[in-house]
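K.L.:
build me a structure from this.
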Amino acid sequence: MKLLHAEELARLANVHKSTVLLAIRRGELKASRTAGRSARIAPEEARSYLLKRGCEVPPELEAKGGKSVVTLISEAPEIVNLVRAAVPSGVEFQHEQEFYTALITVGASTPDVIVVDLDLPFLNAPMIVRALRQSAHLSDVKIIAVGLRDEYFAAARSAGADETYIKVDVRGLASGIGRALQPAAN
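P.N.:
The predicted structure is shown next:
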């Protein structure tokens with residue numbers, strides 16, 4: 001399920017958009033902000049908000065039921081295909097086409113594993129790994145970095161990546177994702 005706009009949640013709760021935005025400002029409803037300052041609400045938060053108001057929760061907002069989630073931060077189609085192939089069946093794969101949208105999605109939810117592409121153009125990927133690792137709600141999340149150059153692997157590990165893999169090693173990546181998901185499955 002994607003993140004909801006304030007308007008979407010307001011429609012589901014049968015309230016005005018300003019009521020939802022006021023709940024966000026008061027801290028009653030947790031939301032992420034886009035670069036344009038629009039509010040995005042995670043499905044878990046929306047479900048909680050609807051239940052508190054006594055509203056019906058639509059099926060698409062129902063709890064996942066313990067399904068593990070692997071989130072990818074990359075804009076490269078070949079990396080999307082690589083990671084998708086490495087994710088075990090029965091595990092939800094999340095990916096946003098746009099880098100900043102992917103970060104908002106990660107900030108609004110707590111996946112079990114985050115895979116970061118170290119070869120992001122014009123960005124310092126190890127700093128992204130460090131920022132993810134320093135986030136309080138992501139402290140227990142396994143972070144796996146994929147790239148092409150050894151010097152990035154050392155930087156990613158020192159920034160907080162749990163494991164690193166060369167991009168062409170699908171089997172190794174699949175094994176690493178499987179190991180990272182083991183504690184989440186129990």
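K.L.:
so who does the residue nearest the centre of the chain touch?
P.N.:
Against the mean C-alpha coordinate of the chain, by Cα atoms, centre = their mean, the closest residue is residue 106 at 2.8 Å. Residues counted as contacts of residue 106 (Cβ atoms under 8 Å, 6 or more residues apart in numbering) are 71, 73, 114, 132, 138. Quick note: C-beta positions are derived from backbone N, CA and C, even for glycine.
K.L.:
among the residues you listed, which two are most distant?
P.N.:
Greatest spatial distance in the contacts of residue 106: 73 and 138, 11.9 Å, computed using Cβ to Cβ.
K.L.:
among the two, which residue is more densely surrounded?
P.N.:
Per other Cβ atoms under 10 Å, whichever of residue 73 and residue 138 has more neighbours is residue 73, with 25 against 19.
K.L.:
from residue 49, how far out is that one?
P.N.:
27 Å (Cβ to Cβ, to the nearest Å).
K.L.:
repeat for residue 34
P.N.:
19 Å.
K.L.:
okay, the two: which has more neighbours?
P.N.:
residue 49 (24 against 13).
K.L.:
please enumerate the helices of the chain.
P.N.:
Assigned helices in the chain, in chain order: 6-13, 17-26, 43-52, 77-86, 99-108, 125-134, 150-159, 170-185 (criterion: DSSP state H).
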